[in-house]
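J.: return a 3D structure for these sequence lines:
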Amino acid sequence: MKKTLFFAFLLIVLTSLLGVKIFRLGHIFLPPHHVFRSAENTAENRRNDDRRMNLLKAEHRQAVDRAIRRRLDADAALAADGNGFSTGRLSDIYARMAPEDAARLIETLDTTDAVRLIESMRTNDAAAILTRLKPEKAREITERMLGATLPPEKEYK
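T.: Got it, this is the predicted structure:
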């Protein structure tokens, strides 16, 4: 009996602290409608925040790609002038990038340039980038590095 009274008292105190009117003279009421409306608004705000975050990530990725492309163009201009273009320096830049970003950019390069770039990298960096390249591009680069044509792919099941 004491436990029942205690739990009833605890329930009344908690509901009054939370501001939700559940009991009123023995009748049961649902929480006010604004409680449900605020939950819907919260979910909608979360979806809007997710959309904005995805747009910001895409814009950031594009800005990084543009900056890298400008740097590559500047290095290519230096190479045309013969003023100190360094494959080793460029490979260091690619090695410091996230492997996914570096792979995405290397896929746009000519295969000969990609081979020169990957050959001048440390083994771990080159491996991280090669694993993220499309299989066709990775195969092409590997064949050029080996100087031979690889046997056709086998299908494993």
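J.: ranges for the strands of the chain?
T.: For the chain, the strands defined by DSSP state E occupy 23-24, 27-28.
J.: next one: the nearest residue to Ile93 once chain neighbours are set aside from Ile106, what distance?
T.: Distances taken as CB to CB, 6 or more residues apart in numbering place Arg71 nearest to Ile93, at 7.2 Å, with adjacent residues excluded. The C-beta positions use only the backbone N, C-alpha and C, and glycine is treated the same way. For Arg71, the distance to Ile106 equals 14 Å [CB to CB, to the nearest Å].
J.: for the protein, longest helix please?
T.: Criterion DSSP state H: the longest helix present in the chain is helix 33-81.
J.: packing partners of it?
T.: Contact analysis of helix 33-81 by 3 or more CB pairs under 8 Å, 6 or more residues apart in numbering; DSSP states H and E lists helix 87-96, helix 99-106 as its packing neighbours.
J.: pick the most deeply packed of those.
T.: When the helices and strands packed on helix 33-81 are scored by mean count of other CB atoms under 10 Å, the highest mean neighbour count falls to helix 99-106 (a mean of 19).
J.: now do it and helix 87-96, the angle between them.
T.: Put simply, helix 99-106 runs at 130 degrees to helix 87-96, going by axes from the mean of the first three to the mean of the last three CA atoms, to 10 degrees.
J.: other SSEs contacting helix 99-106?
T.: helix 33-81, helix 87-96, helix 111-119, helix 123-130.
J.: next one, pLDDT for the residue nearest to Ile93 please.
T.: Per-residue pLDDT puts Arg71 at 82.
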